[in-house]
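Undergrad: using only what follows, build the 3D model:
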Amino acid sequence: MTAAPTGFQTGFAIRPDLVVEATGPEDVRTAVARAAGDGLRVGVHATGHGLAGPFEGGVLISTRAMDSVLVDPARRTARIGAGATWGRVIEAAAPHGLAPLNGSSPGVGAVSYTLGGGLGVLAREFGYAADLVRSLDVVTGDGVLRHVTAEDEPELFWGLRGGGHRLGVVTGLETALVPVARLYGGSIAFDGDGEAGAQVIRRYLEWTRTLPASLTSSVAALVYPDLPQLPPELRGRYAISVRVAYTGSTAEGERLVAPLRAIGPALADSLREMPYTDSHTIHSDPPFPHAYYGDGLVLSGIDADRAARVLELTGREAPMMTVVQLNHLGGALAQAPDPGSAVPYRDAGFLLRLLSPLNGTDVASVRALYEEVAALLGPLVAGRSLNFSFGGGDRTEGFHGPGTRKRLAGLVSRYDPASLFGGAYGSGGLSRDVR
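TA: Sure, this is the predicted structure:
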């Protein structure tokens, strides 16, 4: 037995009975067949950004060596191995003036992210990453390696796009790319304390009502630690930042963000023209491994008063550091692809993401705070995001609506009757690389 792979998420123990360092689909097929024969559960580990919780016993398949990326510029597609990160895909596509529907962090596993739906930098213009998938190769619970397309296996094709990891081990997929080589984007940060913060969130929500689908944005709030490696203007401050990605001209981008700059003096402003290869700088997610817990609440909508109250609960007076991000949805996200997919809640207006470092605190305390936030939002909560449920193996409800959940459960019964990949549908998987 080799050592369990390390990853980005350090908050949960990974202690399998057996680790398989897969170098190709045949290794995966052999590992699944062995697990089925021995009656062992199966987990998958790519980069480890979205671990759903601890993994004890069973067979852990590491796909990190399966990191090939092959771009076909004529067809505008990319063939992505199970261990490839979005950074590799972005770099491979850029010389051809193309881009994938990646998330905000280049270190996230592209395939795992896509299986959960994939809410990315260009989401409002082009939809979910799962919407652009053309085919997938997957080893199902019966040990069969299947090439899945809309024509050959339409029901499995539906479920794999947005259904997560319950249906097998995806060894690679082919996805369409979009003709984007540059962006107008970045972030603008404001003081978030007291009435100033309430004013920022109010003005942001008003601003989103006027935006074209070609502009994707979010607003994030956190108390920055007082550390020398942080920019002086943010160190020790409670700041609210609006993040912007717009594929139109820089001149039009400047016009569209003018209402943001009119909110008041900015602590920092990085809005600018950039090559798409710099899109990760819009959010500047931390690149180093750490321990964290998080949830994603899909909202039908949100009003300024409730949003301001969320900031109060999670800001300076919160019992632990909490990063809050409100993603503006709509646009192409509301349009189901043809054929359809298992990506849920397409009519939602916003996604509220909560993330708390676990250093110095515990999961129970974090959950108590998150439950208070959910209670405040009440009927606005339509469900939960599979992609942003970090440590979510302890919360299995709300990832899909009843009809989708029932349909996915039928697929699990067909393709994983021995429950190798997690049992009843809706439970958390081991690896969901996200963001």
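Undergrad: when you work out contacts or count neighbours from here on, use the C-alpha atoms and nothing else.
TA: Noted.
Undergrad: give me the residues contacting stretch 87-94.
TA: 69-71, 73, 78, 80, 99-100, 102, 105-108, 177, 181, 276-277 (Cα atoms under 8 Å, 6 or more residues apart in numbering).
Undergrad: in this structure, where is pLDDT below threshold?
TA: Residue ranges of the chain with pLDDT under 70: 1-4, 392-393, 423-435.
Undergrad: so among the contacts of stretch 87-94, which ones count as buried?
TA: 69, 71, 78, 80, 99-100, 102, 105-108, 177, 181, 276-277 (16 or more other Cα atoms under 10 Å).
Undergrad: in helices, which of the residues you listed appear?
TA: Counting by DSSP state H, none of the members of the buried ones among the contacts of stretch 87-94 fall within helices.
Undergrad: wait, which of the residues you listed is closest to Ala418?
TA: Ile80 (28.4 Å; Cα to Cα).
Undergrad: beta partners of the closest one?
TA: Counting by DSSP bridges, Ile80 is bridged to Val69, Leu173.
Undergrad: and it, how far from Ala375?
TA: Ile80 sits 40 Å away from Ala375, going by Cα to Cα, to the nearest Å.
Undergrad: and Ser365, by the same measure?
TA: With Cα to Cα as the criterion, Ser365 and Ala375 are 16 Å apart.
Undergrad: likewise for Arg255?
TA: 38 Å.
Undergrad: equivalent analysis for Gly186, please.
TA: Gly186 sits 32 Å away from Ala375, going by Cα to Cα.
Undergrad: more crowded one of these two?
TA: Gly186 (25 against 12; other Cα atoms under 10 Å).
Undergrad: check the secondary structure at the more buried one for me.
TA: What DSSP: H, G, I helix; E, B strand; the rest coil gives for Gly186 is strand.
Undergrad: so for stretch 10-21, first residue to last residue, what's the gap.
TA: 19 Å.
Undergrad: what does it contact?
TA: By Cα under 8 Å, 6+ apart, stretch 10-21 touches 1-4, 27, 31, 51, 53-65, 289-293, 358, 391.
Undergrad: and that stretch, what's buried?
TA: Thr10, Gly11, Ile14, Arg15, Pro16, Asp17, Leu18, Val19, Val20, Glu21.
Undergrad: now render those residues as a markdown table, adding distance to Leu352.
TA: Shown next, in a markdown table, are the buried residues of stretch 10-21 (distance: Cα to Cα, whole Å):
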| residue | distance to Leu352 |
| --- | --- |
| Thr10 | 23 |
| Gly11 | 22 |
| Ile14 | 28 |
| Arg15 | 32 |
| Pro16 | 33 |
| Asp17 | 37 |
| Leu18 | 37 |
| Val19 | 35 |
| Val20 | 36 |
| Glu21 | 36 |
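Undergrad: between the residues you listed, which is closest to Gly398?
TA: Distance to Gly398 across the buried residues of stretch 10-21 (Cα to Cα) is lowest for Gly11, with 23.2 Å.
Undergrad: where's the closest one relative to Asp137, distance?
TA: In terms of Cα to Cα, Gly11 sits 30 Å off from Asp137.
Undergrad: ok, Ala221 next?
TA: In terms of Cα to Cα, Ala221 sits 39 Å off from Asp137.
Undergrad: next: Ser104.
TA: 25 Å.
Undergrad: what segments of the stretch 101-250 of the chain are strands?
TA: Listed in chain order, the strands of the stretch 101-250 of the chain (DSSP state E, counting those that start in this stretch) span 133-139, 145-148, 169-176, 182-191, 215-223, 238-246.
Undergrad: out of those strands, nearest to Thr314?
TA: Across the strands of the stretch 101-250 of the chain, closest to Thr314 is strand 215-223 (Cα to Cα), at 8.1 Å.
Undergrad: residues in contact with that closest one?
TA: Contact with strand 215-223 is made by 121-125, 192, 201, 204, 236-247, 311, 315-316, 321-329, as judged by Cα under 8 Å, 6+ apart.
Undergrad: again, only this time at 7 Å
TA: Residues from elsewhere that reach strand 215-223 (Cα atoms under 7 Å, 6 or more residues apart in numbering): 121-125, 236-247, 315-316, 322-328.
Undergrad: ok, of these, which come out buried?
TA: Members of these classed as buried by 16+ other Cα under 10 Å are 121-125, 237-247, 315-316, 322-328.
Undergrad: Met66 contacts Thr85, doesn't it?
TA: No. The criterion here is Cα atoms under 7 Å, and Met66 misses it with Thr85 at 10.4 Å.
Undergrad: so which of those two has more stuff around it?
TA: Thr85 (27 against 20).
Undergrad: phi, psi of that one?
TA: phi -90, psi 160 (degrees, to the nearest 10).
Undergrad: tally of neighbours for the spatially closest residue to it that is not a sequence neighbour?
TA: The shortest distance from Thr85 to any non-neighbouring residue, by Cα to Cα, 6 or more residues apart in numbering, is to Gly109 (4.3 Å). Counted with other Cα under 10 Å, the neighbours of Gly109 add up to 34.
Undergrad: how close does Leu101 sit to Thr149?
TA: 19 Å.
Undergrad: how near is the nearest residue to Ser68 once chain neighbours are set aside to Thr171?
TA: Counting by Cα to Cα, 6+ apart, Gly81 is the residue found nearest to Ser68 once chain neighbours are left out, at 5.0 Å. Distance, Gly81 to Thr171, using Cα to Cα: 6 Å.
Undergrad: equivalent analysis for Ser104, please.
TA: For Ser104, the distance to Thr171 - Cα to Cα - is 23 Å.
Undergrad: neighbour count: these two, which is higher?
TA: Neighbour comparison, Ser104 and Thr171: the larger count goes to Thr171, with 26 against 21 (by other Cα under 10 Å).
Undergrad: now do the contacts for the closest residue to that one other than its chain neighbours.
TA: Of all residues not flanking Thr171 in the chain, Ala82 sits nearest, at 4.9 Å (Cα to Cα, 6+ apart). For Ala82, the contact set (Cα under 7 Å, 6+ apart) comprises Thr63, Met66, Asp67, Val111, Val170, Thr171, Gly172.
Undergrad: please say which of Leu101 and Thr149 ends up with more neighbours.
TA: Of the pair Leu101 and Thr149, Leu101 is the one with more neighbours under other Cα under 10 Å, namely 27 against 18.
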